[in-house]
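Q: let me see the structure of the following:
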Amino acid sequence: MGTGERNQEAHVPEATTGATGDEYGTATGTTGAGRTSGTATSGTGATPGASGTTGAATATTPRTLAEALRSRPDSSLAALLRARPDLLNPVPSDLTQLATRAGTRASVVRALERLDRFALQSAQALAVAPDPAPYDVLLALLTGDDGDREIEAALPGAVAELREQALVWGPDDRLRLVRTARELLAPSPAHPSPTGLGPTVAEATAGMSPGRVQEILRAVGLAATHDPVSAVAALTSLFTDRRRMSELLDTAPPEALGVLDRLVWGPPYGEVSADPAPPVRWLRDHGLLLPTSARTLVLPREVALHLRAGRAHRAPEPVAPAVTPTREYAPRIVDTTAAGQALTALTMIEDLLAEWDEGGPAVLRAGGLSVRDLKRTAVALDTTEQTAAFWLELAYAAGLLASDGEADERYAPTPACDDWLELPPAERWSRLAAAWLSATRTPGLVGGQDTRGRTLSALGPDLDRSPAPEVRHRVLTLLAQLPEGAAPDPGTLLERLRWEHPTRTGPEDLRSKLAQWTLEEGELLGVTGRGALSAHGRALLAPAASQQGTTLLGLSAAAALAPHLPEPVDHVLLQADLTAVAPGPLRRPLAATLNVLADIESKGGATVYRFTPASVRRALDAGQAASDLHAFLAAHSRTPVPQPLSYLIDDVARRHGHLRVGAASSYVRCDDDALLDEIVADKRSAALRLRRLAPTVLAAQADPASLLELLRAMGYAPAAESAEGDVVIARADTRRTPPRTPPAPVPDGPPLPDDTLLGAAVRAIRAGDEAATVVRKEPPSTTAAPAEQGTLPRTTPAETLATVQAAAMTGSAVWIGYVNADGAASQRVIAPVRVEGGFVTGYDHTADEVRTYPLHRITGVAELADDSA
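A: The predicted model follows:
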């Protein structure tokens, strides 16, 4: 096998003959047959590499990327535009422009980021291979001397992917990497290649004196040559000949072989002193290390490949790592666990909305929530700050929370939250889950720092990360591929994601962090249960390209979750220790009243409420009477109302409103003057600076709200009264923002085009290409200069009118140049049907529709050589 590979490498430079042309335009020009058998398809390519002179070979082999694109079917062009949507903005005018755009640096970088690890390794191997390279040479660079069946099976698919992404073009016997991709992936001193290979012998000796090259030839036992080019070719032939190279290395000192071992897998550069050690000097004298500067030596690519047994990569990875499960549970247990957590998620969001119902914290000047307010919210929700940040971001992404936009800007629920609260629990959850899946907001970043060292705050402006929706969807897809009820090993899942997008794995490895956060957030939200994907989580993965699809997606997830959620209950269990136990989720009216009458003591499968004097007074302040509270408890308790609870309600009601507080600055009024004497004598009331205006009236220097608060702290139960003397019922005023839309996700590049747009784009590109490349007759006028390829035709107005009239009578198509009202010039192929009033109306093959053009805007016209349009 080594000899065969040596012959392939030796013959590759001969295959580089042929037209270079405009390389921009990577085509998936080969069809399915070329993809399925990599080595078989190269059978027809044996002759072009050797001679390339036959007319048939020249006619069928594309010379440029644009020609390769031109030979592709419409479905293949649509696949290219779908894989690289940035090529569609705007729609290219023809295939030459598409090819040029496909070769720009920004577009190529984006395309490389979409490659999996083996496709990228294949492209990297092509970057260190001769240009063009036969398929067999690429295969040898990946398999090495020993061969590898997995690589042989996977390489045709990798090459097909590179062709579809327009990164490689040409037949299998002349594979060409797009020039920009080669520049990005080829090794250089400034940008080492991931292969660890260095420059070729020809590149490393480019600046070397001819005498020094001749000295190397003599040192390795080769005859002197008459010119540097033949000397470099002889040295390259020696280094690519496995037998002669092995004989040369057999004469090397053992220490020299150790130096080569340290450089063979990269980096290939090493620094030396002015007087290198004997092993290094031997390698330099024999050309196995070549100088790139006075103190730097490099291992030539051909030498490294020999030492590597022909491999370009130390560890090619042709097969995606498998995601392995760690534990398996019964699907019913997973669904039940996930449903319980989904119910907890709904409770958390409802509690958050209730906490901020009267107006939330202030918005920071730079945007977002302060650290202090985040801590308060975490305490109110009885959770950690990081988890509280997740619930805040989830409510914000779902459009339930927003800033009110006032001068004193604060956060508050939106009007949409009221509609959301009225939905059934399963539908409420599905809306939260759909918002989480598509949001680019990343709660896991809260508490970290941005590039300028500033702390990232919850609800702040710098939490969008474009890859987040893609990573979340991909993680759930990988979970869905496991058996039902199987929880994955996070390590293998992360390794799979790194294999699928290796170029996006930077120093911070954002995608891995997003994947870890997806697993954690999915468990909090109830998408997964015990680490395994639930049934309603699987329903979230249905295709949803349109808004209608998103709605159906939510309904599907809600339908899958609904059977696992408990039905809301309409009763509680009252206990003698002044507590009430809710044996399940309460119906909304019951929960709203109970939240006012009692304080939540603990949450879980059953919520425990505790009745206190303060909570009962809160209900009385809200306008309830003692009789109303007794009736409410009797109607909604499955157990008799305990006597201590009845006593508590009656006692607080008896004292409630006995004192009246109004606004003078403020005053206290009471029919019991002895009680007023008691308040004045109490040292705790000194801050109020009370003075008696009448036997039953005290005046205070504090405002009514502060006076009420302090009297209640002293153990009294005062009630506020209006200017007319009526008791003021203290109902909380809900605060809502103006109508707000949920935050729009920040896209990761252009949006994916749908089939309708792709079809229209392909037709427009084909029509524009036909107009640009169609063969036409030159006008008979002696004053009109022949139009060059890509330029507008030029004819006189009389010639233009005569030509389009003749085309309208004969029904033939003509090629025109046209300048619109904005001054934009274009070429078009039209079939005129009517010419009148200074306008020509005809079928425009470029736009694929009937259009009317003013004759004075037509720069020129030419008949087609053959009326193929």
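
Q: where in the protein is pLDDT low?
A: In the predicted model of the chain, residues 1-59, 504-508, 543-554, 657-665, 723-733, 774-792, 865-869 satisfy pLDDT under 70.

Q: cutoff 50 now
A: Within the chain, the stretches with pLDDT under 50 are 1-22, 25-59, 544-549, 731, 781-787, 867-869.

Q: now do the longest helix along the chain: which elements does it pack against?
A: In the chain, taking DSSP state H as the definition, the longest helix is helix 331-355. Using 3 or more CB pairs under 8 Å, 6 or more residues apart in numbering; DSSP states H and E, the elements in contact with helix 331-355 are helix 371-381, helix 385-397, helix 415-421, helix 425-438, helix 510-525, strand 528-529, helix 535-539. Where you see a C-beta, it was placed from the backbone N, CA and C, and this is true even at glycine.

Q: angle of it against helix 510-525?
A: If you take axes from the mean of the first three to the mean of the last three CA atoms, to 10 degrees, helix 331-355 sits at 90 degrees to helix 510-525.

Q: now do helix 331-355 against helix 425-438, angle only.
A: Using the same axes, to 10 degrees: helix 331-355 against helix 425-438 is 90 degrees.

Q: looking at the helices and strands packed on helix 331-355, which is buried most?
A: Of all the helices and strands packed on helix 331-355, strand 528-529 carries the top mean neighbour count, a mean of 27, counting by mean count of other CB atoms under 10 Å.

Q: quick revisit: can you list the helices and strands packed on helix 331-355 in TSV and add distance to residue 464?
A: Below are these laid out as TSV (distance: least, CB to CB, whole Å):
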stretch	distance to residue 464
helix 371-381	19
helix 385-397	11
helix 415-421	21
helix 425-438	12
helix 510-525	12
strand 528-529	24
helix 535-539	24
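
Q: contact partners of the helix or strand harbouring residue 596?
A: Assigned by DSSP states H and E, residue 596 belongs to helix 588-597. With CB atoms under 8 Å, 6 or more residues apart in numbering as the test, helix 588-597 has contacts from 354, 421, 568, 570, 572, 580, 582, 585-586, 609, 611, 615-616, 618-619, 622, 624, 629, 632, 636.

Q: can you tell me the SS state at residue 668?
A: With DSSP: H, G, I helix; E, B strand; the rest coil as the basis, residue 668 sits in strand.

Q: count of neighbours near it?
A: The tally of other residues near residue 668 (other CB atoms under 10 Å) stands at 29.

Q: help me confirm that it comes into contact with residue 698.
A: Yes: at 4.2 Å, residue 668 counts as touching residue 698 under the criterion of CB atoms under 8 Å.

Q: which neighbours do those two have in common?
A: 676, 679, 690.

Q: quick check: longest strand of this protein.
A: strand 825-836 (DSSP state E).

Q: residue 684 and residue 462, how far apart?
A: For residue 684, the distance to residue 462 (CB to CB, to the nearest Å) stands at 48 Å.

Q: ok, these two, which is more surrounded?
A: Using other CB under 10 Å as the criterion, residue 684 and residue 462 rank with residue 462 on top: 17 against 12.

Q: what about residue 147, how many neighbours?
A: Considering only other CB under 10 Å, residue 147 is surrounded by 12 other residues.

Q: just the strands from the stretch 601-750 of the chain, written as ranges.
A: Counting by DSSP state E, counting those that start in this stretch, the stretch 601-750 of the chain has strands at residues 607-610, 660-662, 666-669, 691-694, 697-700, 719-720.

Q: I'd like to know which of those strands is closest to residue 341.
A: strand 607-610 (15.8 Å; CB to CB).

Q: so which elements touch that closest one?
A: Helices and strands touching strand 607-610, by 3+ CB pairs under 8 Å, 6+ apart, are strand 579-582, strand 599-602.

Q: ok, the first one: who's next to it in the sheet?
A: Sheet pairing for strand 579-582, assigned by DSSP bridges, gives strand 573-575 (antiparallel), strand 607-610 (antiparallel).

Q: a markdown table for the ones you listed, including distance to residue 323?
A: Formatted as a markdown table, those follow (distance: least, CB to CB, whole Å):
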| stretch | distance to residue 323 |
| --- | --- |
| strand 573-575 | 46 |
| strand 607-610 | 38 |
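
Q: let's have those strands in JSON lines, adding mean neighbour count and distance to residue 201.
A: Listed next are those as JSON lines, based on neighbours: other CB atoms under 10 Å; distance: least, CB to CB, whole Å:
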{"stretch": "strand 573-575", "mean neighbour count": "17", "distance to residue 201": "87"}
{"stretch": "strand 607-610", "mean neighbour count": "19", "distance to residue 201": "78"}
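
Q: so what secondary structure elements neighbour the helix or strand harbouring residue 97?
A: In this assignment (DSSP H and E), residue 97 forms part of helix 95-102. For helix 95-102, the contact count by 3+ CB pairs under 8 Å, 6+ apart identifies helix 65-70, helix 755-773 as packing neighbours.

Q: beyond that helix, next helix or strand please.
A: Per DSSP H and E, the first helix or strand lying C-terminal to helix 95-102 is helix 105-113.

Q: what angle do that following helix and helix 95-102 make?
A: Using the same axes, to 10 degrees: helix 105-113 against helix 95-102 is 70 degrees.

Q: can you name the farthest residue from the center of this protein?
A: Largest separation from the mean C-alpha position in the chain: residue 695, at 74.0 Å (CA atoms, centre = their mean).

Q: that one contacts residue 671, correct?
A: No: using CB under 8 Å as the test, residue 695 is too far from residue 671 to be in contact (9.7 Å).

Q: tell me the span between the first and last residue of stretch 636-645.
A: Stretch 636-645 stretches 14 Å from its first residue to its last (CA to CA, to the nearest Å).

Q: done for today, thanks.
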